[in-house]
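> Please find the sequence and the predicted model below.
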Amino acid sequence: MINHILSNPLDPWSWIAILFLLFTVVLPLLVIIAVSILVILLFRKLTGGLAPKIKAYKLQQKGYDTVEGSRSDVSNQMPSSESKSSPEELKAAGN
């Protein structure tokens, strides 16, 4: 097809075929890629990315509570016994 267009540059049907492919295949793919990139950037901006969340989940599995697990300055510390509270202790502290 490209050779035909180069040999007959004024052939309108060739240009119509190229424009048809451009608008039905290439352009929607570019839109999908652009929207995907925007969604990823928005997710990273709103949540701080995925790496801090994974790090916080690992810290929470080691015994930190949600606030301690979300902090980045506790990554090298061992969990304290005070952070492991039973539900009864939490109820008593709330009253």
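Now that the structure is in, tell me what you want to look at.
> Which helix or strand in the protein has the lowest average pLDDT?
helix 66-70 (a mean of 57; mean pLDDT, DSSP states H and E).
> So, low pLDDT: which residues of the chain?
1-2, 4-6, 9, 66-95 (pLDDT under 70).
> Look up phi and psi at residue 48.
For residue 48, the backbone dihedrals (degrees, to the nearest 10) come out as phi 80, psi 10.
> That one - how many residues pack around it?
By other CB atoms under 10 Å, the residues close to residue 48 number 12. (C-beta placed from N, C-alpha, C; glycine too.)
> same check, this time on residue 34
10.
> Check the gap between it and residue 20 for me.
Computed as CB to CB, to the nearest Å, the residue 34 to residue 20 distance reads 21 Å.
> now do residue 32
For residue 32 relative to residue 20 (CB to CB), the value is 19 Å.
> buried set for the strand or helix carrying residue 35?
Residue 35 is part of helix 27-47 when elements are defined by DSSP states H and E. By neighbour count on 16 or more other CB atoms under 10 Å, the buried set for helix 27-47 is empty.
> contacting residues around that helix?
For helix 27-47, the external contacting residues (CB atoms under 8 Å, 6 or more residues apart in numbering) are residue 53.
> what's downstream of that helix, the next helix or strand?
helix 51-61.
> Go through that following helix and flag the buried ones.
56, 59.
> what's the angle between that helix and helix 27-47?
50 degrees (axes from the mean of the first three to the mean of the last three CA atoms, to 10 degrees).
> which helices and strands sit right next to helix 51-61?
helix 66-70 (3 or more CB pairs under 8 Å, 6 or more residues apart in numbering; DSSP states H and E).
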